[in-house]
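J.: Got a predicted model here, sequence first, then my questions.
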Amino acid sequence: MAETLSTGESRYWPIYGSNTTERNIPYASLLRLLRYHSPTSSHLFGFLALLISGGLLTFLLGVTVTATAFGFIAFLPLIIISGPIWLPGSVLVGGCLTVVGFLVGTVAIVSWTYRYFRGMHLAGSDQMDYARGRIYDTASHVKDYAREYGGYFHGRAKDAAPGA
C-alpha cells in the first residue's frame, strides 16, 4: 500500500479516498474512519440498557426453570401417589364445566329469541331497525339510479361507435 517516492521515502494513501494530507500515515486515516463511525453516547447507553435487561431476563429465566425443576422433583412422589385421583377428577371437572357452559349458552339464546319474538326488543334495537331500513332504501335507490343512467351511458357508447 505504500508508494516509494524518488526521494526514497514511503507515502501512504488515505483509506476510502480521503483527500487530507495531514500526517500521511496509515493510522491517521484509520483513526478518522473509526471516529466517523463511532457510536454516540445515546447509542452506548441504549446498548448498555439492552445488555443489562437481557442479562436480568436471562437470570430470571434460569431461576424460573431451576425452581420449576426442583418443585417437580420435590412433588413427584405426591403426584405419583395421588395420580389415580387427579385423572378422573380433572375429567369430571372438565366435563361439568363444559356442560354448564353449553347450558348457559343455550339459555341465553332461547331467552333472546323469546324476547325478540314477543316484541321485547333490547334497548337500541329500534335504532338498528331504522338504520337497516335506511340502508335498504339507499341501496334500492342506487340500484334504480344505476339502471336508469347505466342504460343512458350504454346507449351513448353505441351511438359513438355504430360500426363497432
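T.: Okay, I see it. Numbers count the residues shown, from 1 in each chain.
J.: model confidence over the longest helix anywhere in the chain, on average?
T.: As assigned by DSSP state H, the longest helix anywhere in the chain is helix 41-81. When pLDDT is averaged along helix 41-81, the result is 93.
J.: Next secondary structure after it?
T.: Using DSSP states H and E, the next helix or strand after helix 41-81 towards the C-terminus is helix 83-117.
J.: domains in this structure, as residue ranges please.
T.: Domain ranges of the chain: 43-120, 123-156, per the TED database.
J.: out of those domains, which comes closest to Leu33?
T.: Among the domains of the chain, the nearest to Leu33 by CB to CB is domain 43-120 (17.4 Å). C-beta: built from backbone N, CA, C; applies to glycine.
J.: and the end-to-end length of that closest one?
T.: Terminal residues of domain 43-120 lie 64 Å apart, using CA to CA, to the nearest Å.
J.: Find me the pLDDT at Tyr27, would you?
T.: Taking Tyr27 on its own, its pLDDT is 73.
J.: tell me which element it is part of?
T.: Assigned by DSSP H and E, Tyr27 falls in helix 26-36.
J.: Which neighbouring elements make contact with that helix?
T.: Helices and strands touching helix 26-36, by 3 or more CB pairs under 8 Å, 6 or more residues apart in numbering; DSSP states H and E: there are none.
J.: Can you point out the buried residues in that helix?
T.: Ala28, Ser29, Arg32 (16 or more other CB atoms under 10 Å).
J.: how far out from the middle of the chain is it?
T.: Averaging C-alpha positions (CA atoms, centre = their mean, to the nearest Å) puts helix 26-36 42 Å from its chain's average.
J.: With only the CA atoms kept, save it in CSV.
T.: In CSV, the C-alpha atoms belonging to helix 26-36 read as follows (Å, rounded to 0.1, in the frame of the first residue of the first chain):
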residue,chain,number,x,y,z
PRO,A,26,-1.9,4.7,7.6
TYR,A,27,-3.1,5.1,11.2
ALA,A,28,-4.4,8.6,10.7
SER,A,29,-6.9,7.6,8.1
LEU,A,30,-8.0,4.6,10.1
LEU,A,31,-8.5,6.7,13.2
ARG,A,32,-10.5,9.2,11.2
LEU,A,33,-12.7,6.4,9.8
LEU,A,34,-13.2,5.0,13.3
ARG,A,35,-14.1,8.4,14.7
TYR,A,36,-16.6,8.9,11.9
